[in-house]
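K.L.:
can't give you the sequence, but here's the structure:
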């Protein structure tokens with residue numbers, strides 16, 4: 001079992017809950033995540049027992065695939081892992097491309 005658990009908390013500007021993570025949709029978007037991939041905890045962050053949050057802007061195509069991610073804030077050590085995971089996420093289809101803001105939390109496991 002992994003020594004480090006990466007928990008994902010998704011938040012986007014308003015307040016709706018889905019599954020075990022929280023997603024909040026901005027007024028022009030009601031897209032829900034249908035497939036969420038957890039990020040790999042970077043080896044350097046493991047050694048440093050680093051924790052933190054990375055905030056990303058996510059462009060989502062009409063078919064629900066992620067087109068791109070842009071780091072808005074957070075540790076550079078964790079940002080690459082967060083972006084690599086979120087690019088694999090899938091959202092429910094929508095008529096137009098949307099932009100979502102998500103937060104990915106990294107917490108070391110206490111094992």
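P.N.:
Nice, I can see it. In this text the structure is predicted, and so the values were computed from the model without any measurement. Residues are numbered from 1 along each chain as shown.
K.L.:
for the chain, longest strand please?
P.N.:
strand 98-108 (DSSP state E).
K.L.:
direction included, what does that one pair up with?
P.N.:
Strand 98-108 has the following sheet partners, assigned by DSSP bridges: strand 4-5 (antiparallel), strand 8-9 (antiparallel), strand 52-60 (antiparallel).
K.L.:
burial measure for residue 81, as a count.
P.N.:
Residues near residue 81, counting by other CB atoms under 10 Å, number 21. In this view, the C-beta of every residue, glycine as well, is placed from N, C-alpha and C.
K.L.:
that one and residue 65, how far apart?
P.N.:
20 Å (CB to CB, to the nearest Å).
K.L.:
residue 46 now?
P.N.:
Residue 46 is 30 Å from residue 65, by CB to CB.
K.L.:
could you do residue 41 as well?
P.N.:
25 Å.
K.L.:
tell me which of the two has more neighbours.
P.N.:
residue 41 (20 against 13).
K.L.:
confirm for me that the more buried one is in contact with residue 107.
P.N.:
No. Using CB atoms under 8 Å, residue 41 makes no contact with residue 107, being 9.2 Å away.
K.L.:
okay, and the beta partners of residue 56?
P.N.:
residue 71, residue 102.
K.L.:
for residue 37, phi and psi?
P.N.:
Main-chain torsions, residue 37, degrees, to the nearest 10: phi -110, psi 130.
K.L.:
nearest residue to it in space, please, no chain neighbours.
P.N.:
Nearest residue to residue 37, sequence neighbours excluded (CB to CB, 6 or more residues apart in numbering): residue 88, at 4.4 Å.
K.L.:
report the helix or strand with the lowest average pLDDT across the chain.
P.N.:
Sorting the helices and strands of the chain by mean pLDDT, DSSP states H and E puts strand 16-18 at the bottom, at a mean of 26.
K.L.:
isn't residue 73 right next to residue 52, touching?
P.N.:
No. Counting by CB under 8 Å, residue 73 stays clear of residue 52, with 9.9 Å between them.
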